[in-house]
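Engineer: what shape does this take:
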Amino acid sequence: MKVKYFPDTDTALIEFTNNEVCETKEIAEDIYIDLDRYGNLVNMTIEHAKAKAGLCEFLYQEIDLASKEKTESICSAVDI
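Structural biologist: Numbers count the residues shown, from 1 in each chain. The predicted structure follows:
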């Protein structure tokens, strides 16, 4: 998974796979998903990301179900 932020347009792009996009759907105002030919999620685009998603930092959280501990890593704590 890759998360990209474009400050010039205040757009966040979350890339889940590198599959070919066959269809784009608007799921809410300024929020779009791209699907492959099987209907699987490829990307999600959030326009006006600061307002729509409260984007100011990126936090990655992985849950280890075996030990029931959670690990948090702040990947980028810079103000966007």
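Engineer: for the residue most central in space within the chain, which residues count as its bridge partners?
Structural biologist: With distances taken as Cα atoms, centre = their mean, residue 14 lies nearest the centre of the chain, 3.2 Å away. Counting by DSSP bridges, residue 14 is bridged to residue 3, residue 44.
Engineer: now it: how far from residue 22?
Structural biologist: 18 Å (Cβ to Cβ, to the nearest Å). Yep, even glycine has a C-beta here, placed from its N, CA and C like the rest.
Engineer: now do the helices in the chain.
Structural biologist: Remark: helices assigned in the chain by DSSP state H are 49-53.
Engineer: would you map the strands across it?
Structural biologist: With DSSP state E as the criterion, the chain has strands at 2-6, 11-15, 23-28, 31-35, 41-47, 58-64, 69-76.
Engineer: now these as JSON lines including mean pLDDT?
Structural biologist: Listed next are the strands of the chain as JSON lines, based on pLDDT from 0 to 100:
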{"stretch": "strand 2-6", "mean pLDDT": "89"}
{"stretch": "strand 11-15", "mean pLDDT": "93"}
{"stretch": "strand 23-28", "mean pLDDT": "97"}
{"stretch": "strand 31-35", "mean pLDDT": "98"}
{"stretch": "strand 41-47", "mean pLDDT": "97"}
{"stretch": "strand 58-64", "mean pLDDT": "69"}
{"stretch": "strand 69-76", "mean pLDDT": "50"}
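Engineer: please name the nearest non-neighbouring residue to residue 47.
Structural biologist: Setting aside the residues directly before and after it, residue 47 is nearest to residue 30 in space (Cβ to Cβ, 6 or more residues apart in numbering), at 3.9 Å.
Engineer: ok, that neighbour - contacts?
Structural biologist: 46, 47, 48, 52 (Cβ atoms under 8 Å, 6 or more residues apart in numbering).
Engineer: tally of neighbours for the closest residue to residue 35 other than its chain neighbours?
Structural biologist: By the measure of Cβ to Cβ, 6+ apart, the closest residue to residue 35 outside its immediate chain neighbours is residue 23, 4.8 Å from it. If you count neighbours by other Cβ atoms under 10 Å, residue 23 ends up with 11.
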